[in-house]
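Participant: got a predicted model here, sequence first, then my questions.
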Amino acid sequence: MPARTVVRRSGCPRCRSVLLSRSKRWCALRGSDRDLARITLHPRRAPVPVNPPVSHPIYQTAAWQFADLKQMDAIFGDAVAHGAKYGTIGMPNNLTLEAAISDLEGMEAAVAGNTGMAVIAAALLTELRPGDRVVVSREGFGWTLGLLRDLEQWGIEHVTVDLSSTEELTAALRHGAAMVIAETISNPRLRVPNLPALTDLAHQFGAKVLVDNTFATPYSCQPAAFGADLVVESATKFLAGHADTVIGVLAGAAESVERIRDRMVRLGSIAAPMDSWLALRGMQTLVVRMARATTTASLLADWLSEQPQVHRVLYPGRSDHPDHLIAQQVLEQGYGAMISFELTPDFAVANQFTRDLNLIHLVHSLGSAQTTLSHPASSTHRLLSAEDLAVSGLHAGFLRMSVGLESPDDLVDDLAQALGNLSA
Ligand SMILES: Cc1ncc(COP(=O)(O)O)c(C=O)c1O
């Protein structure tokens, strides 16, 4: 195909293109390609129906058209409502998800990021300055602790404490802190800090409180009601609920959320429309999923505690959980769908158990409609030193189960046959 073209006044005899090939006989593209290109690139768009679709359409576009410079100027100058600027600013699927999250969390505004870690990182990079200090749970999610270690190179320090100990928390706050990071239900030991007392204390010392509500979801707890300033959630988990998207959300006061959103736009961590759409689709069933999974989890926790091969069960709904009384106050709608339990602290034992399960798969995630099991020491918390793993009690026999929507009897059958192969 000739690549170079010359211009001739009379044009191509077939399609009248004035851009002719060197041979000057035909236009540079086949005449028929010209029509095909125009039709495929600029199809006659069907009008938007006057009545709305039941399912919110996916705006799978990276960019938006402007009628003219005047409109572009008005939209970029925020002089008109509902103008979309770019694939990361003003995307309708994100805006719909964000409105739902701010309503669910009872906060002024929300922003959707491309992962749970993306919104946590953006919050820290927006709210903290070099020289600031963060107080975080010793039992915190491994990747959040890893991120705080990364931030040390930018002069942001952190100290780990037992958030359930008022003495430890007060001592840490006395040394100065810009932020306290807590999880409503911690990953993976399912500790439940006393959020009302914690936020009160942090605010007395001038620290903001960021709460990771991933395990509880707004179904079980709205941390804002207990004074949290920022609430983050890996919506990858129970919110979206089907293990088919990775996405994060952050809610807070409008002024903070907009500053964090600006930073996220520049860091490149805003959610994509398809992921927001999947999260919203999954959230339609949040209430029924959480209700069922929570009921099943409470049955399974009791059943597991009676099995001779299980040395310990951690479930905030059980009276033997160290934070049960606080959980009764903080987890108003139920104790969640996560259970942790301990087998003999031996890798070979845990390995055989996970291999023998048929229905329950070993997965490095949680919150899906299917029941899954994870081994923190080999996955989420593998970055911890052997000493830190021992301090946190995350030995080789420690397992974390995310309860899904299967029949409780099927789950008991599967667990029973795998436990039956282990000696007590
Ligand atoms: C409690 C908690 N917070 C945050 C995250 C990070 O979420 P994402 O994987 O969406 O980045 C996770 C992931 O497992 C988590 O368990």
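Facilitator: Received the coordinates, thanks.

Participant: does anything pack onto the host helix or strand of Thr295? Which helices or strands?
Facilitator: Using DSSP states H and E, Thr295 falls within helix 286-305. Packing partners of helix 286-305 (3 or more CB pairs under 8 Å, 6 or more residues apart in numbering; DSSP states H and E): helix 217-220, strand 312-314, strand 338-342, helix 408-420. To be clear about C-beta, it is placed using only N, CA and C from the backbone, and glycine gets the same treatment.

Participant: packing partners for the second one?
Facilitator: Other helices and strands packing on strand 312-314, by 3+ CB pairs under 8 Å, 6+ apart, are helix 286-305, strand 338-342.

Participant: quickly compare those and say which is most buried.
Facilitator: Ranked by mean neighbour count under mean count of other CB atoms under 10 Å, the helices and strands packed on strand 312-314 are led by strand 338-342, which reaches a mean of 24.

Participant: angle of that strand against helix 286-305?
Facilitator: 20 degrees (axes from the mean of the first three to the mean of the last three CA atoms, to 10 degrees).

Participant: can you give the distance of strand 338-342 from its chain's centre?
Facilitator: Centroid separation for strand 338-342 versus its chain: 21 Å, with CA atoms, centre = their mean, to the nearest Å.

Participant: which is the next helix or strand following it?
Facilitator: Using DSSP H and E, the helix or strand that directly follows strand 338-342 along the chain is helix 347-356.

Participant: pLDDT (mean, whole number) over the helix holding Thr295?
Facilitator: The pLDDT scores in helix 286-305 average 98.

Participant: about what we covered before: as CSV, the helices and strands packed on helix 286-305 with mean pLDDT would be great.
Facilitator: Formatted as CSV, the helices and strands packed on helix 286-305 follow (pLDDT from 0 to 100):
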stretch, mean pLDDT
helix 217-220, 97
strand 312-314, 98
strand 338-342, 98
helix 408-420, 98
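
Participant: quick one: which of those is nearest His242?
Facilitator: helix 217-220 (14.2 Å; CB to CB).

Participant: determine the set of other helices and strands touching that closest one.
Facilitator: Secondary-structure packing of helix 217-220 (3+ CB pairs under 8 Å, 6+ apart): helix 286-305.

Participant: other residues contacting the helix it packs on?
Facilitator: With contacts defined as CB atoms under 8 Å, 6 or more residues apart in numbering, helix 286-305 is touched by 217, 219-220, 238-239, 241, 310, 313, 315, 317-318, 320, 333-339, 341, 369, 401, 403-406, 408, 411-412, 415.

Participant: filter those residues down to the ones near the ligand?
Facilitator: Among the contacts of helix 286-305, proximity to the ligand is found for none (CB under 6 Å from any ligand atom).

Participant: now the buried members of the residues you listed.
Facilitator: 217, 219-220, 238-239, 241, 310, 313, 315, 317-318, 333-339, 341, 369, 401, 403-406, 408, 411-412, 415 (16 or more other CB atoms under 10 Å).

Participant: the residue in the chain that the ligand sits nearest to: neighbour count?
Facilitator: Here the chain gets closest to the ligand at one residue, Gly116, 2.5 Å apart by CB to the nearest ligand atom. Per other CB atoms under 10 Å, the neighbour tally for Gly116 reads 25.

Participant: that one contacts Ala240, correct?
Facilitator: No: assessed by CB atoms under 8 Å, Gly116 is found out of contact with Ala240, at 10.7 Å.

Participant: shared neighbours of these two, anything?
Facilitator: Common neighbours of Gly116 and Ala240 (CB under 8 Å, 6+ apart) are Ile247.

Participant: circling back: any idea what the nearest residue to the residue of the chain closest to the ligand once chain neighbours are set aside is bridged to?
Facilitator: Closest residue to Gly116 apart from its sequence neighbours, by CB to CB, 6 or more residues apart in numbering: Ser234 at 2.7 Å. The partner list for Ser234 in beta bridges (DSSP bridges) reads Gly248.

Participant: hang on, Ser234 packs against Ala118?
Facilitator: No: using CB under 8 Å, Ser234 makes no contact with Ala118, being 9.7 Å away.

Participant: the more surrounded of those two?
Facilitator: Taking neighbours as other CB under 10 Å, Ser234 and Ala118 compare with Ser234 leading, 29 against 23.

Participant: distance of that one relative to Thr344?
Facilitator: Distance, Ser234 to Thr344, by CB to CB, to the nearest Å: 31 Å.

Participant: now do Arg45
Facilitator: Distance, Arg45 to Thr344, using CB to CB: 64 Å.

Participant: neighbour count: these two, which is higher?
Facilitator: Thr344 (17 against 6).

Participant: what are the structural domain limits within this structure?
Facilitator: Taking automatic domain parsing as the domain assignment, the record places the domains of the chain at 5-41, 69-283, 286-420.
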